[in-house]
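> here's my sequence, what's the structure:
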Amino acid sequence: MANREHFLFLFQSIASGDCRAWNNWRIENHELHPSLAGLELWDLNLPFINLSGSDLRLANLRSVNLYRANLQNSDLSMAILKNSNLREANLKGAKLFHANLRGADLRGANLSGADLRHADLTGALLSDANLSGAIMDAGALEQSGDLHLESGVSRLEKIALRFSRNRAAKRMDPAVAKAKKAVHP
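Below you'll find the predicted structure:
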């Protein structure tokens, strides 16, 4: 559950049309980890916002412009980030477990060390994204059949993604693998 004080201060900042008050408050209270679980925001313009270390589990951030936002070490587990602009955002070490990132623009984003297990990356744009040390499993990669690995993704990153997919498939429960083979011979 969201902390009422954090929630209200964020909304006051957003309502003012300028997130500088929020970002300054975050600098002054850097040891604080805002609790914004279940936050309902959509179709807002929040570039450069500092949400680092925030609890954003189950947040609805659909179609939000988070260009160059700082979401480092945030918990975005089961969050909805569908069609969001996360271009050049800092998601280093973020928990995106079961997050909905369908159609999200992650070009140039820093996803190093991020937990993307079971994330839905269908149609996500990941060119020039830093995926070093990111945790991705077969579930996340399988769902990302439309994953656009444009020319900005290095050959080594593409090979690493394929290797990760193959490795995860080998670790898959034999019963699940057998059922998948029956469906997709």
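> can you give me the helices in this structure?
4-15, 20-28, 138-143, 155-171, 174-183 (DSSP state H).
> look at F7 and report its pLDDT.
Among the per-residue scores, F7 shows a pLDDT of 89.
> how about it, what does it touch?
F7 makes contact with L36, L39 under the criterion C-beta atoms under 8 Å, 6 or more residues apart in numbering. Quick note: C-beta positions are derived from backbone N, CA and C, even for glycine.
> 10 Å instead, please
If a contact means C-beta atoms under 10 Å, 6 or more residues apart in numbering, then F7 has M1, P34, S35, L36, A37, G38, L39 as its contacts.
> isn't G123 right up against N100?
No - with contact taken as C-beta atoms under 10 Å, G123 and N100 are classed as non-touching, separated by 11.2 Å.
> what touches both of the two?
By the contact definition C-beta under 10 Å, 6+ apart, G123 and N100 are jointly contacted by K82, N83.
> so between those two, which is more surrounded?
Under the neighbour definition other C-beta atoms under 10 Å, G123 and N100 were set side by side, and N100 has more, 22 against 17.
> against H33, how distant is that one?
Noted for N100: a distance of 23 Å to H33, by C-beta to C-beta, to the nearest Å.
> next: A109.
Here the distance between A109 and H33 works out to 21 Å (C-beta to C-beta).
> residue contacts, the residue nearest to the spatial centre of the chain?
Among the residues of the chain, the smallest C-alpha distance to the mean C-alpha position (C-alpha atoms, centre = their mean) belongs to L96, namely 4.9 Å. Applying C-beta under 10 Å, 6+ apart, one finds that L96 lies in contact with 71, 74-79, 81, 111, 114-121, 134-136, 140.
> ok, A104 next?
Applying C-beta under 10 Å, 6+ apart, one finds that A104 lies in contact with 61-63, 66, 81-87, 89, 119-126.
> pull out the buried members of these.
Buried subset of these (neighbour count, 16 or more other C-beta atoms under 10 Å): 61-63, 66, 81-87, 89, 119-126.
> pull the distance from stretch 81-94 to the chain's centre.
Stretch 81-94 sits 5 Å away from the centroid of its parent chain (C-alpha atoms, centre = their mean, to the nearest Å).
> so for A109 and H33, which sits in the more crowded spot?
Ranked by neighbour count (other C-beta under 10 Å), A109 and H33 place A109 first, with 28 against 16.
> list the residues that contact the more buried one.
66, 68-69, 71, 86-92, 94, 124-126, 128-131.
> distance check, the residue nearest to the centre of the chain against D137.
Taking C-beta to C-beta as the measure, L96 falls 12 Å from D137.
> next, show the common contact partners of these two.
Listed as contacting both L96 and D137 by C-beta under 10 Å, 6+ apart are D115, L116, R117, H118, A119.
> the last one contacts L76, doesn't it?
Think A119. Yes - at 9.3 Å, A119 counts as touching L76 under the criterion of C-beta under 10 Å.
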